[in-house]
Each structure stands twice: as C-alpha cells, then as structure tokens.
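Participant: Show me the folded form of this:
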Amino acid sequence: MILANAARGEIVRRLGGRERRLCLTLGALAQIETILGARDFQDLVARLSKPSARQVLAALSALLEAGEGAAPLGPTQPEELARSAVTLAEAGEAIAAAFAAGGGGGREGGGGGGGAPARHQRRQDCRRGADHRH
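Facilitator: Numbering: from 1, shown residues only. Reported below is the predicted structural model:
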C-alpha cells in the first residue's frame, strides 16, 4: 500500500489498476496553467471544466510527477499515460481530488481537507526543504 503525506497535500488513487501518488505543488500548478494556457487561477478553473483529452493527460502527468518524483510507480509522461489502462473517469477524479487536497476544494479526505492549517504546514515543509517522498 502506498502512503500519502497528507500535510503536503498528497493523495493516493488507483489509476489503470495501480495505486499512484499525486500532489498539487506550486510547480505542478504552474505546469498545468501553462499547458492549458490559463492567464490566472480563475481562468485555470474555467479551462479545467472543459479540458481536451491531451490536457487531461498533461495535467495528470504534472500531478503524478509532483507526487512520485524521481521514483515513479508507473508511467508519468502524457504519451505513456495515453497508452496505459487509465480511464477518463479515473483521471478526472484523481485530478479533482488532487486539487481539493491541495487547498482548492476542501472535500477530499486524506489531504487535510485543504484548510488553512494544512496549507500552513505545506508552506513550512517547503521552507525547510522537506522531501516529498516521506
């Protein structure tokens, strides 16, 4: 069983028959904004409501790379994910859950609920240079 660091906003979801760790870091968020061509966070939310399949794969890739880092548990590149057994429903749910756990929603269990204490702890972890694979 894969563990997630809830204080960091990590989540674990089953994708294509495998448990995978995802995390919405600032770097992943910036990568997703660039992929979607979003001008700001509100624009990003609007664009995420109607993404293309390519955008879903790219967003999932960014979240997996942030969650698993240098020791991936399966495919992380969009091209590899496209050839994997990951379903659209799995990808969509995982992306939504990662955003919720990262402070964008607050409905996800396991991510600290996205409240202020969890966000404050993540900022402290980043300042201390905490390794994301605890």
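Participant: Poorly predicted segments of the protein, please.
Facilitator: The chain contains residues with pLDDT under 70 at 104-134.
Participant: And the next helix or strand past the helix ranked longest in it?
Facilitator: If you go by DSSP state H, the chain has its longest helix at helix 53-68. Heading C-terminal from helix 53-68, the first helix or strand you meet, by DSSP states H and E, is helix 78-83.
Participant: contacting residues for the spatially most central residue of the chain?
Facilitator: Compute the mean C-alpha point of the chain, and by CA atoms, centre = their mean the closest residue is residue 63, 3.3 Å away. By CB atoms under 8 Å, 6 or more residues apart in numbering, the contact list for residue 63 reads 22, 23, 24, 28, 32, 94, 95, 98. Just so you know, the C-beta spots here come from the backbone N, C-alpha and C atoms, and that holds for glycine as well.
Participant: where's it relative to residue 57, distance?
Facilitator: According to CB to CB, to the nearest Å, residue 63 and residue 57 sit 11 Å apart.
Participant: Hmm, residue 65 and residue 20 touching each other?
Facilitator: No: using CB atoms under 8 Å as the test, residue 20 is too far from residue 65 to be in contact (10.9 Å).
Participant: who has more neighbours, the two?
Facilitator: residue 20 (24 against 19; other CB atoms under 10 Å).
Participant: Need phi/psi at that one.
Facilitator: phi -130, psi 150 (degrees, to the nearest 10).
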